[in-house]
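K.L.:
Sharing a sequence plus its predicted fold:
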There are 2 protein chains.
Amino acid sequence: MKSCLDCIPCFFDQTLRIGRMITDDEKEIKRLLDEVGMMLKDIPLEGTPPETGRLIQRKIREITGNIDPYKDLKNESTEECLRLYPSLKKEVEKSSDKLLTAIRFAIAGNVIDVGPNKSFNIEEETNEILRKDFAIFDYDKFKQYLDRADEILYIGDNAGESVFDKILIEEMKKPVIYVVRGIPVINDVTYEDAIHAGLDKVAAILSSGTDAAGTVLRVCNAEFIELYNNSTFIISKGQGNYETLSEEKRPIFFLLKAKCHVIANDIGVNEGDIILKGPNSDYLEG
Amino acid sequence: MKSCLDCIPCFFDQTLRIGRMITDDEKEIKRLLDEVGMMLKDIPLEGTPPETGRLIQRKIREITGNIDPYKDLKNESTEECLRLYPSLKKEVEKSSDKLLTAIRFAIAGNVIDVGPNKSFNIEEETNEILRKDFAIFDYDKFKQYLDRADEILYIGDNAGESVFDKILIEEMKKPVIYVVRGIPVINDVTYEDAIHAGLDKVAAILSSGTDAAGTVLRVCNAEFIELYNNSTFIISKGQGNYETLSEEKRPIFFLLKAKCHVIANDIGVNEGDIILKGPNSDYLEG
């Protein structure tokens, strides 16, 4: 999915929020915004939003020397989600369709995203998404692919959210490789965050090697690319992974909440809708 | 009121929306955004938001050669409000406090603002504001100042909204000078728009001479400044006028809806609140 003009004000909004995570010095934050302003003319809209965001985040790292401004917030998110974990597990246990309830929770966890959103309440969100209708619901296809898969490539999105991913992984009852970002990007899940969430108990954890808030394939490492190219069942969580993988011809299931109108338009749904979207081509027939 | 860092993403959002009013050519709009990006480092935050916006709007005029991108939209807004006028007048007539109802309508009209808002429904807004509590309500002071005034200086804000201002002017039953912008700025009311709304039937119309979406005193003309300095009762409509006059020690009553969190914070109210705020110093005692 290409960036669009609407992404530009949002890039400045993200820069502002990252700046505020790093410092209270308004002049320092203004300097970050000025630098992004000067970069703008060299940023084409042909790239996906995470590709552009990557250039901006790199600039912010260079200027501030802070490589992980969301570290504390990520830890707090993970702790909060770990506290919710036992009650969510009980909810899954007592539901009539455990896999579907786990999918709903995995999507609810996707609200923990400081990129497009300013605030969220994870408990409220979880309750809402348990009852919400899907705008796209390729659940039967999901189960078919799951049945036939020997191994699942599960591309994580945000820290904290990964605790919810664990619940889904436990319900799928197949070997899982859980993919994390190469270095900290906003509040995206890294190796360290995945361990904190306990993902190592249920999956092998692998870094995609990307420094973007998504899966920018041209900068991913060889190990991930090989697994990606050979996988028969890929789960892609969240907006950043959707933005970077939406045009791929691979057996990818996108689980996300459309949190901005640009992505909602691209998918053909309304802002706020929840989505379980399978691949267009039918890989099962191949 | 000074600009703050939160205004910066909003400046880009406004540039994008103005660009879209002018052209469908995404590359041309990207160029506008690039130019604003390059200006950013030279824009200090000491100025008020309309002072900064003024520099950006001037740049957009230079690049596109379009001095009035909102012309058609302003005409449509005025026509829509003129259609509502008879029913609003009836509502005022049957109300127990005609002046207050007219004040409420004047504030409701302030929702016709393409600066901070993306969409609005003027009829819904009018119904809502008729019932809404004021967050700041200096109505007694307003009536005192009105009683003693020989003449009212009424600083208008947006086109369309001026039809609602006419209703308030008719209820105040005093001579009024209605102040408009010097040239078109976004959808702000100009001389031509005020005539279209019928303001010339109830007030003398005067241009403040400013090319900003507010009242930037240092660029206003001498005639306005003299009236402003000698007026005993000034009504300031909307956000742009609040942003540029909020620190003035003059007998100003601000009528507005706080449509963005920056202004709401400055006033000390919540976003969406309606305000009738009189001067702090008591000019009546002087």
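P.N.:
All right, it came through fine. Numbering: from 1, shown residues only, chains lettered A, B, ... in the order given.
K.L.:
any idea which helix or strand carries A:Leu88?
P.N.:
Element membership for A:Leu88, per DSSP states H and E: helix A:71-94.
K.L.:
Can you tell me what sits against whichever helix or strand comes after that helix?
P.N.:
Past helix A:71-94, further along toward the C-terminus, the next helix or strand under DSSP H and E is helix A:98-109. Contacts to helix A:98-109, defined as C-beta atoms under 8 Å, 6 or more residues apart in numbering or on different chains, come from residues A:81, A:88, A:91-92, A:95, A:122, A:125-126, A:128-130, A:132, A:139, A:142-143, A:158, A:160-165, A:167-168, A:170-172, A:237, A:255-257, A:274-276. Using the backbone N, CA and C atoms, a C-beta is placed for each residue, glycine as well.
K.L.:
Buried by neighbour count, from those: which ones?
P.N.:
A:81, A:88, A:91-92, A:122, A:125-126, A:129, A:132, A:139, A:142, A:158, A:160-165, A:167-168, A:170-172, A:237, A:255-257, A:274-276 (16 or more other C-beta atoms under 10 Å in any protein chain shown).
K.L.:
So which of these are in helices?
P.N.:
Under the assignment DSSP state H, the buried ones among the contacts of helix A:98-109 contribute A:81, A:88, A:91-92, A:122, A:125-126, A:129, A:139, A:142, A:161-165, A:167-168, A:170-172 to helices.
K.L.:
so where's the stretch 101-250 of chain A shaky on pLDDT?
P.N.:
In the predicted model of the stretch 101-250 of chain A, residues A:114-120 satisfy pLDDT under 70.
K.L.:
give me phi/psi at A:Gln57?
P.N.:
phi -60, psi -30 (degrees, to the nearest 10).
K.L.:
For it, grab the count of nearby residues.
P.N.:
With neighbours defined by other C-beta atoms under 10 Å in any protein chain shown, the count for A:Gln57 comes to 23.
K.L.:
What of A:Asp97?
P.N.:
12.
K.L.:
again, but for A:Arg131
P.N.:
Considering only other C-beta under 10 Å, A:Arg131 is surrounded by 7 other residues.
K.L.:
ditto for A:Ala204
P.N.:
12.
K.L.:
what bridges to it?
P.N.:
Going by DSSP bridges, A:Ala204 is paired in beta bridges with A:Ile177.
K.L.:
For it, give me its contacts.
P.N.:
A:175-178.
K.L.:
Can I have the buried ones of those residues as a PyMOL selection?
P.N.:
Buried members of the contacts of A:Ala204, defined by 16+ other C-beta under 10 Å, are picked up in PyMOL with:
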select buried, chain A and resi 176+177+178
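K.L.:
Could you list the buried residues of the helix holding A:Leu88?
P.N.:
Here helix A:71-94 shows A:71, A:73-74, A:77-78, A:81, A:84-85, A:88-89, A:91-92 as buried, counting by 16+ other C-beta under 10 Å.
K.L.:
Reformat these as TSV; add distance to chain B and pLDDT.
P.N.:
TSV is the format used below for the buried residues of helix A:71-94 (distance: C-beta to the nearest C-beta, whole Å; pLDDT from 0 to 100):
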residue	distance to chain B	pLDDT
A:Lys71	22	95
A:Leu73	19	92
A:Lys74	23	95
A:Ser77	24	93
A:Thr78	28	95
A:Cys81	28	94
A:Leu84	29	93
A:Tyr85	34	96
A:Leu88	33	95
A:Lys89	38	97
A:Glu91	34	95
A:Val92	38	96
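K.L.:
ok, so of those residues, who is nearest B:Asp25?
P.N.:
A:Leu73 (40.1 Å; C-beta to C-beta).
K.L.:
Within range of chain B, give me the residues from chain A.
P.N.:
Counting by C-beta under 8 Å from any C-beta of the partner chain, the residues of chain A lying close to chain B are A:4-6, A:8-10, A:12-13, A:16, A:19, A:26, A:29-30, A:33-34, A:36-41, A:45.
K.L.:
Buried among those residues? Need that as a selection in PyMOL.
P.N.:
Only the buried entries of these go into this PyMOL selection, using 16+ other C-beta under 10 Å:
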select buried, chain A and resi 5+8+9+10+12+13+16+19+29+30+33+34+36+37+39+40
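K.L.:
Quick check: A:Ala222 vs B:Asp42, distance?
P.N.:
Computed as C-beta to C-beta, to the nearest Å, the A:Ala222 to B:Asp42 distance reads 45 Å.
K.L.:
can you check A:Ile136 too?
P.N.:
According to C-beta to C-beta, A:Ile136 and B:Asp42 sit 46 Å apart.
K.L.:
Pick out whichever of these two has more residues nearby.
P.N.:
When neighbours are counted by other C-beta under 10 Å, A:Ile136 and B:Asp42 differ, and A:Ile136 comes out ahead with 17 against 9.
K.L.:
For the more buried one, what is the enclosing helix or strand?
P.N.:
strand A:134-137.
K.L.:
packing partners for that strand?
P.N.:
strand A:274-277 (3 or more C-beta pairs under 8 Å, 6 or more residues apart in numbering or on different chains; DSSP states H and E).
K.L.:
Give me the mean pLDDT for the strand it packs on.
P.N.:
Strand A:274-277 carries an average pLDDT of 97.
K.L.:
what helices or strands is that strand leaning on?
P.N.:
Looks like strand A:274-277 contacts helix A:98-109, strand A:134-137, strand A:252-257 (3+ C-beta pairs under 8 Å, 6+ apart).
K.L.:
So what are the sheet partners of the shortest one and their directions?
P.N.:
Read that as strand A:134-137. Strand A:134-137 has these strand partners (DSSP bridges): strand A:274-277 (parallel).
K.L.:
For chain B, what's the nearest residue on the stretch 151-286 of chain A?
P.N.:
The nearest approach of the stretch 151-286 of chain A to chain B comes at A:His261, 9.8 Å away (C-beta to the nearest C-beta).
K.L.:
what about the residue nearest to that residue when sequence neighbours are not counted, distance to A:Asn265?
P.N.:
In this structure, A:His261 finds its nearest non-sequential neighbour in A:Glu271, 5.0 Å apart by C-beta to C-beta, 6 or more residues apart in numbering or on different chains. Distance of A:Glu271 to A:Asn265, computed by C-beta to C-beta: 9 Å.
K.L.:
now the end-to-end length of stretch A:259-273.
P.N.:
8 Å (C-alpha to C-alpha, to the nearest Å).
K.L.:
Pull out the buried positions in that stretch.
P.N.:
Going by neighbour count (16+ other C-beta under 10 Å), the buried part of stretch A:259-273 is A:259-260, A:262-264, A:266-267, A:269, A:273.
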